[in-house]
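Q: quick one, fold the following:
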Amino acid sequence: MERIITQSSIKDFHAWLKSEEKSENTVEKYIRDVTVFMEQLNDCKVTKETVIAYKNKLVERKYAVRSINSMLASLNSFFAFLGWLDLKVKSIKLQRQIYCPKEKELTKAEYLCLVNTAKKKGNERLNLMIQTICGTGIRVSELEFITVEAVKCGEAVVTLKGKTRTVFIVKELKQKLLRYIAEQKITSGAIFITRNGKPISRTNIWREMKNLCTEAGVNPDKVFPHNLRHLFARTFYAIEKDIATLADVLGHSSINTTRIYIVTTGDEHRRRMENMRLIL
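A: Predicted coordinates for the structure are as follows:
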């Protein structure tokens, strides 16, 4: 039987992902990846050969290995949904990265520059959003759980991807947020909202952070909300040296995911090697 990907099958896949309670971002990504693959087929039938050819094309186009594996995971999930298990392909093996490029790691000094610049510009909402993400380790999509009620009791209950965890709001951050709540006359619900009362989108947060870069003197390539979460993870691990607890704090199901968050720069790795004093 010929296997053809149709808009109808993608629509059914979308509905199934929703029923599995996948996050909005995950659903959007899976559907996008499957749609791109379908467009590459030009109405041709799907075979193991066409899937492998697509995988090789991504490699030839020099896509990052992580990106390729992520796209293949979307396709494999789609094939499993349709019962086309024989079409699933293997991901590309990738050695675990032991350090990250210096130009991609946001330092604590740069973080402070961003916070101070937001304060200088009079953008208190952005100032506190940056501090809240970096001070709690939450995802930018979890900011909506930082509510008036959560701040008052000093902890937020975050429910995402079918998992629930408690996020502590430290005393200093709690005081800042309580002051902001009083100034903005927010009586209940999410704190970081638009003029229409809706939670601020990640796109707007990203854009506002980028607008700080020039004045803050920070490379814009390393300024985005998720890097604040990485900074929290590295700082926590440097103090506690407990990756299992850090995984729980970040809401990770696998410690392997947490390992990605705590890689340091090559410079730090080099210093550690030099401190071994093995060259006479």
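
Q: for the residue nearest in space to the middle of the chain, which non-adjacent residue is closest in space?
A: Nearest residue to the geometric centre of the chain (CA atoms, centre = their mean): His226, 5.2 Å. Distances taken as CB to CB, 6 or more residues apart in numbering put Val140 closest to His226, at 6.8 Å, once the chain neighbours are dropped. Quick note: C-beta positions are derived from backbone N, CA and C, even for glycine.

Q: same check, this time on Thr132
A: Spatial nearest neighbour of Thr132, chain neighbours left out: Ile146 (5.9 Å); criterion: CB to CB, 6+ apart.

Q: Leu94 too?
A: Using CB to CB, 6+ apart and skipping the chain neighbours, the partner closest in space to Leu94 is Val65 (4.9 Å).

Q: wait, the one you found touches Ile92, no?
A: Yes. Counting by CB atoms under 8 Å, Val65 does reach Ile92; the two are 5.2 Å apart.

Q: strands of this structure, residue ranges please.
A: 99-100, 155-160, 163-168, 264-265 (DSSP state E).

Q: and those strands as JSON lines, adding mean neighbour count and distance to Val249?
A: Compiled in JSON lines, these are given as follows (neighbours: other CB atoms under 10 Å; distance: least, CB to CB, whole Å):
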{"stretch": "strand 99-100", "mean neighbour count": "17", "distance to Val249": "20"}
{"stretch": "strand 155-160", "mean neighbour count": "16", "distance to Val249": "11"}
{"stretch": "strand 163-168", "mean neighbour count": "13", "distance to Val249": "8"}
{"stretch": "strand 264-265", "mean neighbour count": "17", "distance to Val249": "19"}
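
Q: as a markdown table, those strands with distance to Glu21 and mean pLDDT would be great.
A: Rendered in a markdown table, the data for the strands of the chain read as follows (distance: least, CB to CB, whole Å; pLDDT from 0 to 100):
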| stretch | distance to Glu21 | mean pLDDT |
| --- | --- | --- |
| strand 99-100 | 32 | 63 |
| strand 155-160 | 10 | 91 |
| strand 163-168 | 10 | 92 |
| strand 264-265 | 35 | 64 |
